[in-house]
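S.K.: What would the 3D arrangement of this be:
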Amino acid sequence: MSIANNSEKFQATDIQLLNVRKAAAFLGVNVSTMRRWAKQGKLPAVKVGTRGDWRFRKEELQKLLTPVPAVAKADTQPVKQERE
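M.R.: Numbers count the residues shown, from 1 in each chain. Here you go, the predicted structure:
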């Protein structure tokens, strides 16, 4: 077996897949919520096996937990209109 083949295998196994229970615990939501979000396409997931169990990439779930920079708010004061 060559070194190239070993590195390819390493890269393929480097992906962490979580089952529904572990993914729900990771995000702090209910298992039913994970299944619903997966079914609705709100979360990237794959079905595996003959039972169609959901699997979630930990990397993708981690992205959901990464804070998004706040956008500066524009002046939200309503403009007063003068009545005639």
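S.K.: what comes up buried for the strand ranked longest in the chain?
M.R.: With secondary structure taken from DSSP state E, the chain has its longest strand at strand 53-57. Within strand 53-57, the residues that count as buried by 16 or more other CB atoms under 10 Å are 54-57. Using the backbone N, CA and C atoms, a C-beta is placed for each residue, glycine as well.
S.K.: for stretch 39-57, same thing?
M.R.: 43, 45, 54-57.
S.K.: between those residues, which is closest to Ile15?
M.R.: Distance to Ile15 across the buried residues of stretch 39-57 (CB to CB) is lowest for Arg57, with 6.2 Å.
S.K.: State the distance from that closest one to Ser32.
M.R.: Distance of Arg57 to Ser32, given as CB to CB, to the nearest Å: 20 Å.
S.K.: What is the end-to-end distance of stretch 50-65?
M.R.: 31 Å (CA to CA, to the nearest Å).
S.K.: out of the buried residues of strand 53-57, who's nearest Gln16?
M.R.: Nearest to Gln16 among these, with distances taken as CB to CB, is Arg57, at 7.0 Å.
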